[in-house]
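Asks: take this sequence and fold it.
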Amino acid sequence: MTMPPPPSTEHGWPFATGPGQVVSVRDWETMASTWQLSGVVGYPETSANPSDGNRGLFATKVNETQIVILPGVATIGGHYFELKLAKTFDLDITGSGWDDTNTRHDLITLRLDRAGETFHLVQIKGGIDMVGQVLSMEVADEIPLVQLDIVKDTGLTTEPLDRRWFVGKQVRPIRGSVPFLDPAPYNGEFGVDITNHYLVVGSNGAWVPAAQVFNNDGAYGPAITALQGRATTLEGQTASLQSDLDTAEAGLAAAQAKLDLIPLGTWVDVTTFATGLGNVVASPIQVRRQGDIVHIRGSLRRTNGTALAAAIRGTTTVLTLPPGFFPSATVALSLTGRNGTTASYSLSALINTVGGMTILTDATASNNLLTVDLTGSWMLG
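Replies: Numbers count the residues shown, from 1 in each chain. Alright, predicted model coming up:
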């Protein structure tokens, strides 16, 4: 049977029949290079010395000039590498790049050699800058394995540090609501909780919400934790303020209930005005008591019907309350001035402890005012 050759302008593969069944090794290499990021098959741990069962392509110290690379599996750019037996690696402890403690931080990497169609274990001298926090590799098709702290004229005096990159598992759907029916995850394995509808991450054999992991990891973890603490504090303060507000509202309601029981006195006319000022006929200015509280009502005008103008400006006492209605301290009232049509002005008035009222206004407002409405309350002296 003769297989049709693939067209020269385009090619899709692999297929069971047709041109797509013609697949070369180079085609497979090209396709595999797009599948996954490069890294060691394993998972990251907090400790720089990984636990048993997660030591693929990690290294241990033999002596000052040798390490042993442990068996493991990795992929780089779609190419698969498996170290089946532990391999001794000789270190070069010469050279430069020593820090102020006469230490150099070297990097052991696994490098893909596409031209040579193989992999190499490589020592990069000074590959890690601990001060500037830079990890430097020499080619794109390369992944870090371990950090070696080389002491000048001595060699390796401590165990290697884990610096491996990892290829993760596929995203796994889990039940979530019935944890014992879900598979135990690897650390860092990504999943989707299809019951509760959120992302989860494997952590120490259990699935936890991704937000919980991310909030406690990385550069933003401390800031997020601090914000969560502040939010908790604010929630407590809000609850306390709400309790205080509820108490105040209850006290106000009780006070209002008591006030409602106090009989209202009769309205008493205010009769003492500054020259040229007096009541609006339909709204005379009056005061009355309710226990120790005084209420005022009515409207002030100029008796000749013209604008109030200078008659209410400055320190002029526009009226004086009758005895028995004086406040215990100078009080301020909010008033409304009117020009007889639709315009109105917000004013303020002060009543002193002998019953004298002055109005606070400017020339622009007072020159347009025909009446001032008086409303408000205060405590007796």
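Asks: going forward, measure contacts and count neighbours with C-alpha atoms only.
Replies: Will do.
Asks: any weak-confidence spans in the stretch 101-250 of the chain?
Replies: Along the stretch 101-250 of the chain, the model assigns pLDDT under 70 to residues 168-170, 213-221, 224.
Asks: let's see it at 90
Replies: Scanning the stretch 101-250 of the chain for pLDDT under 90 picks out 114, 117, 130-136, 140, 165-198, 202-241, 243-244, 250.
Asks: need the residues that contact stretch 81-94.
Replies: For stretch 81-94, the external contacting residues (Cα atoms under 8 Å, 6 or more residues apart in numbering) are 57, 65-75, 119, 123, 150-155.
Asks: in the protein, mark out all the helices, start to finish.
Replies: Using DSSP state H, the helices of the chain run over residues 25-32, 210-215, 221-261, 363-366.
Asks: quick one on the thing from earlier: buried ones among the contacts of stretch 81-94?
Replies: Among these, those that count as buried by neighbour count (16 or more other Cα atoms under 10 Å) are 57, 65-75, 119, 123, 150-152, 155.
Asks: Cys152 contacts Asn102, correct?
Replies: Wrong residue type there; residue 152 is Lys, not Cys. Yes: using Cα atoms under 8 Å, Lys152 makes contact with Asn102 at a distance of 5.5 Å.
Asks: related to what we said a few turns ago, which one of the helices of the chain lies closest to Leu319?
Replies: helix 363-366 (16.5 Å; Cα to Cα).
Asks: for the closest one, which outside residues touch it?
Replies: By Cα under 8 Å, 6+ apart, the residues outside helix 363-366 that reach it are 307-310, 312-313, 345.
Asks: buried residues, that helix. List them.
Replies: Neighbour-count burial for helix 363-366 flags 365-366 (criterion: 16+ other Cα under 10 Å).
Asks: how about stretch 156-163?
Replies: Within stretch 156-163, the residues that count as buried by 16+ other Cα under 10 Å are 156, 159-163.
Asks: may I have the distance across it, first residue to last?
Replies: Using Cα to Cα, to the nearest Å, the end-to-end distance of stretch 156-163 comes to 16 Å.
Asks: next: stretch 12-29.
Replies: Its first and final residues considered, stretch 12-29 spans 14 Å by Cα to Cα.
Asks: I'd like to know how many residues surround Pro5.
Replies: 12 (other Cα atoms under 10 Å).
Asks: that one contacts Gln21, correct?
Replies: No: the criterion here is Cα under 8 Å, and Pro5 misses it with Gln21 at 9.2 Å.
Asks: excluding chain neighbours, what is closest to Ile174?
Replies: Asp193 (5.2 Å; Cα to Cα, 6 or more residues apart in numbering).
Asks: check contacts around that neighbour.
Replies: By Cα under 8 Å, 6+ apart, the contact set of Asp193 is 173-176, 199-200.
Asks: got TSV for the residues you listed, with distance to Ser328 and neighbour count too?
Replies: Converted to TSV, the contacts of Asp193 look like this (distance: Cα to Cα, whole Å; neighbours: other Cα atoms under 10 Å):
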residue	distance to Ser328	neighbour count
Pro173	75	15
Ile174	74	19
Arg175	72	16
Gly176	69	20
Leu199	66	17
Val200	67	25
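Asks: so which of these belong to strands?
Replies: If you go by DSSP state E, those have 173-174, 199-200 in strands.
Asks: quick one: which of those residues is nearest Gln133?
Replies: Nearest to Gln133 among these: Val200, at 29.8 Å, using Cα to Cα.
Asks: for that closest one, give me its contacts.
Replies: Residues near Val200 by Cα under 8 Å, 6+ apart: 190-193, 207-210.
Asks: again, but for Thr65
Replies: Applying Cα under 8 Å, 6+ apart, the residues near Thr65 are 90-93, 155-156.
Asks: ok, Gly356 next?
Replies: Counting by Cα under 8 Å, 6+ apart, Gly356 touches 317-321.
Asks: the helices of the chain: which one's closest to Asn49?
Replies: In terms of Cα to Cα, the element of these nearest to Asn49 is helix 210-215, at 21.2 Å.
Asks: returning to that earlier point: quick one: which of the contacts of Asp193 is nearest to Thr266?
Replies: Taking Cα to Cα as the measure, Thr266 sits nearest to Leu199 out of the contacts of Asp193, at 72.7 Å.
Asks: quick check: closest non-adjacent residue to that closest one.
Replies: Nearest residue to Leu199, sequence neighbours excluded (Cα to Cα, 6+ apart): Val192, at 4.7 Å.
Asks: the one you found and Val208: what is the separation?
Replies: From Val192 to Val208 the distance is 10 Å (Cα to Cα).
Asks: would you agree Phe325 is in contact with Ile351?
Replies: No: checked against Cα under 8 Å, the pair Phe325 and Ile351 is beyond contact range at 10.6 Å.
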